[in-house]
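Fold the following and give me the result.
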Amino acid sequence: LFVTWKIGKDKRLRGCIGTFSAMRLHSGLREYAITSALRDSRFSPITRDEIQRLTVSVSILQGFEEARGYLDWTLGIHGIRIEFYNERGSKRTATYLPQVATEQGWDQTQTIDSLLRKGGYRAQITPETRRSIKLTRYTSQECQMSYNEYRDLLEKQSHYHGQLCKMQC
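Residues are numbered from 1 along each chain as shown. Sure thing, here's the model as predicted:
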């Protein structure tokens with residue numbers, strides 16, 4: 001489960017945090033919606049002034065498979081999670097959801113290199129570095145909603161609930 005916040009017409013990333021652990025959807029949505037909005041260390045917390053310009057995406061991850069190599073995945077279909085050892089010998093991990101590489105216009109190698117950097121790898125990236133990673137690929141089901149779509153949905157539900165109450169009274 002990952003929750004991603006984007007802002008503006010150009011949908012710039014504003015926060016994205018999730019988990020690979022199995023959890024109940026309702027509690028996971030609540031936890032990661034808040035965490036990704038307020039605690040993504042790459043960004044300042046989302047403010048009240050930004051809410052009307054936000055779009056939220058929820059990605060449910062599935063179909064995890066260990067890849068045979070760092071190129072054993074398909075752009076736009078698979079998300080990837082890599083495990084590697086940095087230049088100090090510490091084990092690190094990083095992930096990109098399926099849509100990230102295509103949104104950025106990256107090929108597979110550019111995606112792997114970017115993911116290594118995201119995960120904290122600071123040394124020169126060589127073909128051997130890429131071959132040494134352990135890659136897990138996965139797919140996801142994503143749904144998204146803008147603030148305006150959310151507001152419209154609430155209005156429709158409120159109207160329907162009001163009509164239902166009138167009919168029952």
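
so how far is Ser146 from Asp152?
As judged by CB to CB, to the nearest Å, Asp152 and Ser146 stand 9 Å apart. (C-beta placed from N, C-alpha, C; glycine too.)

quick one: which of these two has more around it?
Legend: neighbour count by other CB atoms under 10 Å for Asp152 and Ser146, higher for Ser146 (15 against 12).

Where does the prediction get shaky in this structure?
Scanning the chain for pLDDT under 70 picks out the ranges 159-169.

how does it look with 90?
Along the chain, segments meeting pLDDT under 90 span 154-169.

What ranges does it have for its helices?
For the chain, the helices defined by DSSP state H occupy 25-38, 100-104, 108-118, 127-132, 147-168.

Redo those as CSV? Include distance to Cys16.
Output for these, formatted as CSV (distance: least, CB to CB, whole Å):
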stretch, distance to Cys16
helix 25-38, 6
helix 100-104, 9
helix 108-118, 11
helix 127-132, 24
helix 147-168, 17
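
closest to Gly69 out of these?
helix 127-132 (7.1 Å; CB to CB).

elements contacting that closest one?
Applying 3 or more CB pairs under 8 Å, 6 or more residues apart in numbering; DSSP states H and E, one finds that helix 127-132 makes contact with strand 79-85, helix 108-118.

now for the helices of the chain, which one comes closest to Glu83?
Here helix 127-132 is closest among the helices of the chain (CB to CB), at 9.9 Å.

List of residues touching the closest one?
Contact partners of helix 127-132, identified using CB atoms under 8 Å, 6 or more residues apart in numbering, comprise 69-70, 84-85, 109, 112-113, 116, 121, 123.

for stretch 88-105, same thing?
Counting by CB under 8 Å, 6+ apart, 2, 4, 16, 20, 59, 75-86, 107-108, 110-111, 114-116, 118-121, 138-140, 142 sit against stretch 88-105.

Alpha carbons of that stretch, as CSV, please.
Taking Å, rounded to 0.1, in the frame of the first residue of the first chain, the C-alpha atoms of stretch 88-105 are listed here in CSV:
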residue,chain,number,x,y,z
ARG,A,88,30.1,1.5,3.1
GLY,A,89,28.7,-2.0,3.1
SER,A,90,25.3,-1.1,4.5
LYS,A,91,22.2,-2.9,3.1
ARG,A,92,19.8,-0.4,1.5
THR,A,93,16.5,-0.6,-0.3
ALA,A,94,14.5,1.7,-2.5
THR,A,95,11.4,1.4,-4.7
TYR,A,96,9.5,3.1,-7.5
LEU,A,97,5.9,2.4,-8.2
PRO,A,98,5.0,1.2,-11.8
GLN,A,99,4.2,4.6,-13.2
VAL,A,100,7.3,6.5,-12.0
ALA,A,101,9.7,5.6,-14.8
THR,A,102,7.3,6.3,-17.6
GLU,A,103,6.2,9.6,-16.0
GLN,A,104,9.9,10.6,-15.8
GLY,A,105,10.7,9.4,-19.4
